[in-house]
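Structural data only, the sequence is not supplied:
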């Protein structure tokens, strides 16, 4: 029989977020404008006009995952999200391994955002070819701003994010209207070239990183005013909105800009604007910068809440579970940002480290997909282990749908991981497979180390989970 107790005097997060906040966080965390601008040229080089197929096809398992996240959030709302679901559903060792996957996915997603944010800022200020020292200084300023926003608490973070998201949304609306009016005059091709499906599959692997991020609302569950109702819905809204953004943006890009120009462009949105709406170039630069900046602090937000939850459960250092006067996990915020800035500076100050870090940072896509793949497995095990509870709460047809969705997610994302493994060395860099293997080996070793170090398995459940928990407290279930 599990022993339950309320941990007295424990730090806790502040439930201040509404559904509208969670939805804004979810859309902005994907950073759709930044994702298109940064990855668009590479995707077009690989798949050509068929890039739209790659994005639509890879979006399907992620949209299905958002529905699974909705169900899992209702059962287990928690700042640890995926990590915690694995702990409650499958077990301690499995969740400890998934915690490593989460850390690798989000930790290596932060440094690649800093340089684009700095370069865009300097470009808007009129410095188009600034010295490296200026770029690193601007990166440091963005790192500090992200820290200040996050340390101000969840409500302040959501408020600032809504302002930056407005710039993104306005740019998409403007592009949709302007591109629609200019559709016939600016046409550069029919887009009827043969589809090379092998290239589409490669592009799907890379496009996976531009359709995730909406899961941030799951990591904000403890900061939601309705932890069993709102989290999950915000992610679903975010995932659908991002797909809608891409449905507007990509047909216009492919129809109104020559394919070679897109393929060699470092920023496909600016390339389109210079061609179709040169008077609006600065608007799109501001939109890309706003998207980039939001991605910086929201990726850190996800990682900080995951670290906070892991520390509270005892598998990360305890000092990471402390909160400041705004109920923000200060150490869990500052640590990843400081590390990301150090990696960025090291990569450019010591050239011999550049290729090493390029491979390490290139693994983020693999681990992001792996996180969702493992969550699909979590859902399958949940359906099996709690089938008696599901029979009481879900009609038979809905249980069948949940099972089908979970199987689709596991199979499709598992296939993407295999493709990444096969084609990653060609498209990202030779040695990427070895780096991934090394990181997985470290994660496995960490599981055994934690098993020996942690005598008791502790599961932290928050207020509202399973309908239990005293207000403002959480309970530890020790086995």
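Happy to help now that I have it. A quick note: this is a predicted structure, and the numbers were derived from the prediction, not measured.

Please tell me how far the residue nearest the centre of the chain sits from residue 286.
The centroid of the chain falls nearest to residue 213 when counting by CA atoms, centre = their mean (2.8 Å). Distance of residue 213 to residue 286, given as CB to CB, to the nearest Å: 20 Å. No exception for glycine: its C-beta is placed from N, CA and C like everyone else's.

Where do the strands of this structure begin and end?
Taking DSSP state E as the test, the strands found in the chain are 3-6, 458-462, 474-478.

Look up how far residue 102 lies from residue 309.
Counting by CB to CB, the separation of residue 309 from residue 102 is 10 Å.

Overlap of the contact sets of these two?
residue 83 (CB atoms under 8 Å, 6 or more residues apart in numbering).

Looking at the two, which is more packed in?
When residue 309 and residue 102 are compared on other CB atoms under 10 Å, the one with more neighbours turns out to be residue 309, at 30 against 27.

Return the residues in contact with the spatially closest residue to the more buried one that is not a sequence neighbour.
Closest residue in space to residue 309, ignoring its immediate chain neighbours: residue 80 at 3.1 Å, by CB to CB, 6 or more residues apart in numbering. Shown in contact with residue 80 (CB under 8 Å, 6+ apart): 87, 99, 219, 305, 306, 309, 310, 313, 460.

now these in a markdown table, with distance to residue 324?
Shown next, in a markdown table, are the contacts of residue 80 (distance: CB to CB, whole Å):
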| residue | distance to residue 324 |
| --- | --- |
| 87 | 26 |
| 99 | 24 |
| 219 | 18 |
| 305 | 14 |
| 306 | 18 |
| 309 | 17 |
| 310 | 19 |
| 313 | 21 |
| 460 | 20 |
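
ok, so of those, who is nearest residue 377?
residue 87 (13.6 Å; CB to CB).

Please tell me how far the nearest residue to the closest one once chain neighbours are set aside sits from residue 158.
Nearest residue to residue 87, sequence neighbours excluded (CB to CB, 6+ apart): residue 95, at 3.7 Å. Per CB to CB, residue 95 is found 28 Å from residue 158.

Compare the two (neighbour count), which wins?
A count of neighbours by other CB under 10 Å puts residue 95 above the other of residue 95 and residue 158, at 27 against 24.

show me the contacts for the residue lying closest to residue 154 once chain neighbours are set aside.
For residue 154, ignoring the flanking residues on the chain, the nearest one in space by CB to CB, 6+ apart is residue 223 at 4.3 Å. Counting by CB under 8 Å, 6+ apart, residue 223 touches 13, 14, 15, 16, 17, 79, 154.

Quick check, the fifth one in contact with residue 230.
Yes: in this structure residue 17 lies within contact range of residue 230 using CB atoms under 8 Å: 7.4 Å.

Neighbour count: the two, which is higher?
Shown here are residue 17 and residue 230; by other CB under 10 Å, residue 17 has more neighbours (27 against 22).

From residue 420, how far off is the more buried one?
Separation of residue 17 from residue 420 (CB to CB): 34 Å.

swap in residue 122?
Counting by CB to CB, the gap from residue 122 to residue 420 is 33 Å.

Between those two, which is the more surrounded one?
Remark: of residue 122 and residue 420, residue 420 carries more neighbours, 25 against 18, as counted by other CB under 10 Å.

Pretty sure residue 363 is one of the things that one touches, is it not?
No: Residue 420 lies out of contact with residue 363 (CB under 8 Å); the separation is 9.5 Å.

For the stretch 251-400 of the chain, which segments are assigned as helices?
Taking DSSP state H, counting those that start in this stretch as the criterion, the stretch 251-400 of the chain carries its helices at 259-263, 268-276, 281-312, 330-349, 354-362, 364-385, 387-393, 396-427.
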